[in-house]
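S.K.: got a sequence here, can you model it:
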Amino acid sequence: MSGPGTLQWRGDYADLAAEPVASALDEFGLSVLAAPIDPELADTAAFCERYGVLMEDSANCVIIAGRRGDSVSYAACMVLATTRVDVNGVVRKRLDARKASFAPMDDAVTLTGMEYGGITPIGLPSSWPVLVDAAVLQRDVVVIGSGLRRSKLAVPSKLLADLPTAEVIEGLAR
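M.R.: Okay, here's the model as predicted:
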């Protein structure tokens, strides 16, 4: 597998992934590529423009909090950077929540052990579903976060569907 764009991809992610991400990669024996980036360019549009990665080859992970009464449940949603998560339709129903919204930044960072702007589906709490939009799987390789703002991972898209709590959902994103 080769990585997209002009990044200096390498098979060693030891210093380029947050601890929970590196642990999960090691535990599951997942093969990915990692590349350092300027942390000021971690946001998708700026990243893609600077490093020559197509937006269609970049997948974003957003953490959604669903609430029903006093109960809060979380899900990670993987969608192509060219789309948006259907939070109040598909995700809210999947979480069986009365209300669903993007998790507050402090909660997302604390609960994942990852940096905001680098959160990725690999290494998340095992009780969280990872909802993957079916369109993501149409790409051979996607660029995702590493848990850190200063690097990215390139992964075969099918790897996302094979994560332990992954659910592929047609129409998760619009």
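S.K.: can you give me the helices for this protein?
M.R.: Assigned by DSSP state H, the chain shows helices spanning 19-28, 44-51, 92-94, 105-112, 157-161.
S.K.: mind listing what's buried in the third one?
M.R.: Think helix 92-94. By neighbour count with 16 or more other CB atoms under 10 Å, helix 92-94 contains the buried residues 92, 94. (Glycine included, C-beta is placed from N, CA and C.)
S.K.: wait, residue 12 sits on residue 34?
M.R.: Yes. Using CB atoms under 8 Å, residue 12 makes contact with residue 34 at a distance of 7.1 Å.
S.K.: the two - which one has more neighbours?
M.R.: Neighbour count, other CB atoms under 10 Å: between residue 12 and residue 34, residue 34 has more, with 26 against 8.
S.K.: ok, the more buried one - contacts?
M.R.: 9, 10, 11, 12, 13, 16, 17, 146, 151, 152, 153, 154 (CB atoms under 8 Å, 6 or more residues apart in numbering).
S.K.: residue 115: which of the residues you listed is nearest?
M.R.: Of all the contacts of residue 34, residue 146 has the smallest distance to residue 115: 9.1 Å, by CB to CB.
S.K.: state the phi and psi torsions of that closest one.
M.R.: phi -110, psi 0 (degrees, to the nearest 10).
S.K.: what number of residues lie near it?
M.R.: By the criterion of other CB under 10 Å, residue 146 has 30 neighbours.
S.K.: returning to that earlier point: quick check: which of the helices of the chain is nearest to residue 58?
M.R.: Across the helices of the chain, closest to residue 58 is helix 44-51 (CB to CB), at 5.5 Å.
S.K.: using CSV, list the CA coordinates for the closest one.
M.R.: Listed next in CSV are the C-alpha coordinates belonging to helix 44-51 (Å, rounded to 0.1, in the frame of the first residue of the first chain):
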residue,chain,number,x,y,z
THR,A,44,-9.1,18.6,6.6
ALA,A,45,-9.3,21.3,4.0
ALA,A,46,-6.0,22.9,4.8
PHE,A,47,-4.4,19.4,5.1
CYS,A,48,-5.6,18.3,1.7
GLU,A,49,-4.6,21.5,0.0
ARG,A,50,-1.1,21.5,1.4
TYR,A,51,-0.3,17.8,1.0
